[in-house]
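Q: sequence plus the predicted model coming up.
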Amino acid sequence: MDQLLINVLNGISAGLLLFMLSSGLTLIFSMMGVLNFAHASFYMVGAYFAYSLTRVVGFWPALVLAPVLVGLLGALFERTALRRVHKFGHVPELLITFGLSFVILELVKLIWGLSSMPFAPPELLQGPAFTVMQSDAHGLGLAWGAAPADRCASAAGAVMHCSTFPATRFFMMVVALVMLVSVWLMLTRTRIGLVIQAALTHPEAVEALGHNVPRVFMLVFGSGCALAGLAGVIGGMTFVTEPSMATIVGTIIFVVVVVGGMGSLAGAFVASILIGLLQTLPLTVDRSLLDLVQNLGWTIPPGNMLYSLMKITLAQAAPILPYLLLVLILIFRPKGLLGTREG
Amino acid sequence: MAPTRTAESRPRYHFKPWNVGRWVLWTLFALLLIFAPHIWSTGFALTMLSQMGIAIIACLAYNILLGQGGMLSFGHAVYSGLGAFLAIHTLNMVGAGKLALPVSLVPLAGAVGGLFFAALLGYVTTKKAGTTFAMITLGIGELVWSMSLMIPEFFGGEGGIAANRVVGQPFLGITFGPQIHVYYLIAVYCFVCTALMFALTRTPLGRMLNAVRDNPERVEFVGYDTQRVRYIAFMISGLFSGVAGGLAAINFELVTAEVVGAGRSGAYLLFVFLGGATFFFGPIIGAVLMVVALVLLSELTQAWLLYLGLVFVFMVMYAPGGIASLIMMNLRVAAFGKLRPLLGSYIALAGTAFTILVGAGAMIEMVYHLQLNEALGPELRFMGATLNARGLDSWFGAVFVLTVGVAMFELTRRQFALQWGQTQEDIEREIKRREAAI
């Protein structure tokens, strides 16, 4: 029970990290119609910037500075390259961000090398955030930080299980939620947010009212990239900072955006959590379809073609589950979970 | 009132002239395929030519989607790759005596594989167009790639699946043992597939596909189902990709899971675009470039992917029609006899661009050298000069060359842009004048 709780929390935190990425992607997409293929590359750049800045100014200033720098880079790219191809249509826009993802990956390899960076979380975030204790006698218990050793020891007659939840994961959840709330407040409660919302649907009317729509686009693209950079700082610190980190999340966030519904922020949130759980929970289930079939009383000989397919355990199949979900969603609900657009 | 034309008043004899230029081009293409191994006769050249033939089929098949259908696929290696796997399994079955099929027809097994998986997966992907289509193909590509690692029985795991192509009875002494036999097999398939794909662009289906690319709403109004047109095009593209995969299986006698990977899909997209997706012959240029880049450029420098990415980004920004469109624009200028005045500008542009390349290249190579070959010492050879990656003078020199190059290029570019605009205006005026004269 305690382990299951920790697994669910792990899944939710992974989902929230995905949401930090997919929210920026969705924002850019619904605003400009541009699918930023290089979004995961900005995530990676955020991690590398934070790693380098941490060694100069320390972690906490780097947590702020790295996303800002990534946002500036994104705005610069929008201003110099993306705006130029805007008139050619959506496919060239997608292509140029595809090219950018190539260039960023190679530049990162050029500057920081091929091996992974020793990007460790600061003292405060090392160790567990809280411990879930389960005993036969007292049920579930919770303690902040690492639980004292004596409380985790199995006493006479009562077996204790202690499971810890890492502080970095907890921090990831907190940052994602703070970010979610502040983006929502900014979009609905501030003047610039209202302009952005208006420019989403009626860019000409907004322009006629005297707002500089291209500059709003640049701002949105930059902020989306900054959000990716922030996710990168946290992702790089929690997982590994290496050149392949962009491709690992890259395809998944596109799946999130399609499953949630193109251009729907709420859909992106639901899909992120769903896919975060889908990636994490099956990892603990070491059973396959073959076991299920055998429990039902059938046998399949090992030479059969089906046998090799069915002996794959759920844990092995975990990486493809999000893509299977994508295929199912497309067949049964082509506009996505909360999407409104067809086509 | 002008008399209305009825069926009777049409001329009864319809004279359709031969399109001489087309016949000349196709004959030249066939002759080139036949004589290329005699012109470049080394073993290395032969391997490259074989790979080019395969790449031409694959890139043209990809362009049915990208250029003619406006569908940007990020996972097209799935179909050529699965075709390759099916072909190599067929080849192994032929080798084991379970199947009586001549080796020259094994690529057709690849075609069947490509068609089957395109029909299966394309049903899902072609439900959408545009940006969503691109994302779904990316997801499907990743799905197949992950599956390939999970089912080693079919995909052969890390080592891949090997086969022997010298099986069955030799026909007219053709055993497919020597590379030259394989080359001619590839050449025949390449020519036939190219001709078939060109013919496709002339059919009503090919025209509808272009219409779906340009204006899907209007196509719906006319009464066509855009999704169906996309689906059929997707399957045809999968079929030809499968042929390319089958040929690759025979050529290399080894298929690894890499052939369905995202890297291969990305390469198709990149080079088809560089070659030029808007013209039929663009992907052929792209395919030749792809093999040259993958084989030669990767030997020459470790930073080749960076150069490739930069070239791609600039191409998207300044010449979205690829190399083919650059050629066609200059052919138009030449047809009006106005190319000569531009030649000077071209030479100046090339010279200044080369200066930029030298400066930027020196810097990139020095950083790469520091990053990867530190143990060999700070000195490296670059274009015949010895650079010291730790020395200030080398860096200063590179920055200086780069700055001068950029400044000179910008100056020439402005001059050229004016001249080019003037030339185009002249041509437009000339066209109007000729129309008025008729």
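A: Looks like it arrived, so ask away. Residues are numbered from 1 along each chain as shown, chains lettered A, B, ... in the order given.
Q: point out where the chain drops to low pLDDT.
A: Using chain A. With pLDDT under 70 as the threshold, chain A has low-confidence stretches at A:1, A:134-141, A:144-160, A:286, A:290, A:299-311, A:340-343.
Q: wrong chain, I was asking about chain B
A: Within chain B, the segments meeting pLDDT under 70 span B:1-18, B:168-171, B:173, B:373-378, B:383-384, B:438.
Q: what about the strands in it?
A: Secondary structure of chain B (DSSP state E): strands at B:161-162, B:254-255, B:379-382, B:385-388.
Q: and B:Gln424, which of those strands is closest to it?
A: Nearest of those to B:Gln424, taken as CB to CB: strand B:379-382 at 39.0 Å. Quick note: C-beta positions are derived from backbone N, CA and C, even for glycine.
Q: what strands flank the closest one, and is each parallel or antiparallel?
A: strand B:385-388 (antiparallel) (DSSP bridges).
Q: can you count the residues close to A:Leu194?
A: Applying other CB atoms under 10 Å in any protein chain shown, we find 13 residues neighbouring A:Leu194.
Q: contact residues of the stretch 51-200 of chain B facing chain A?
A: B:70, B:72, B:74, B:124, B:127-132, B:134-136, B:138-140, B:142-143, B:146-147, B:150-154 (CB under 8 Å from any CB of the partner chain).
Q: pull up the residues of the stretch 201-343 of chain A that are close to chain B.
A: Within the stretch 201-343 of chain A, the positions adjacent to chain B are A:247, A:251, A:254-255, A:257-258, A:262, A:305, A:308-309, A:312, A:316-317, A:319-320, A:322-324, A:326-327, A:330-331, A:334, A:343 by CB under 8 Å from any CB.
Q: thinking again about what came up before, winner for burial among the strands of chain B?
A: Of all the strands of chain B, strand B:254-255 has the most neighbours on average by mean count of other CB atoms under 10 Å in any protein chain shown, namely a mean of 22.
Q: what pairs with that strand, parallel or antiparallel?
A: Strands that pair with strand B:254-255, judged by DSSP bridges, come out as strand B:161-162 (antiparallel).
Q: which SS state does A:Val45 fall under?
A: Recorded secondary structure, A:Val45: helix (DSSP: H, G, I helix; E, B strand; the rest coil).
Q: and it, how many neighbours?
A: The number of residues packed near A:Val45 is 26, by other CB under 10 Å.
Q: gap between B:Gly282 and B:Val243?
A: When CB to CB, to the nearest Å is applied, the distance between B:Gly282 and B:Val243 equals 20 Å.
Q: now, the residues of the stretch 201-343 of chain A next to chain B that are in strands?
A: Checking those against strands, none of them qualifies (DSSP E).
Q: drop anything exposed from those.
A: Neighbour-count burial (16 or more other CB atoms under 10 Å in any protein chain shown) applied to those gives A:247, A:251, A:254-255, A:257-258, A:262, A:308-309, A:312, A:316-317, A:319-320, A:322-323, A:326-327, A:330, A:334.
Q: so which elements touch the top helix by length along chain B?
A: With DSSP state H applied, the helix covering the greatest number of residues in chain B is identified as helix B:392-437. Helices and strands touching helix B:392-437, by 3 or more CB pairs under 8 Å, 6 or more residues apart in numbering or on different chains; DSSP states H and E, are helix B:322-335, helix B:339-372, strand B:385-388.
Q: leaving out sequence neighbours, find the closest residue to A:Leu107.
A: Take A:Leu107 and drop its neighbours on the chain: the residue closest to it by CB to CB, 6 or more residues apart in numbering or on different chains is B:Leu306, 6.9 Å away.
Q: about what we covered before: save the strands of chain B as a markdown table, and put in distance to A:Leu17 too.
A: Putting these into a markdown table (distance: least, CB to CB, whole Å) gives the following:
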| stretch | distance to A:Leu17 |
| --- | --- |
| strand B:161-162 | 38 |
| strand B:254-255 | 36 |
| strand B:379-382 | 41 |
| strand B:385-388 | 43 |
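Q: for B:Leu86, which of those is the nearest?
A: Within these, the stretch nearest B:Leu86 is strand B:254-255; the backing value is 9.6 Å (CB to CB).
Q: thanks a lot, catch you later.
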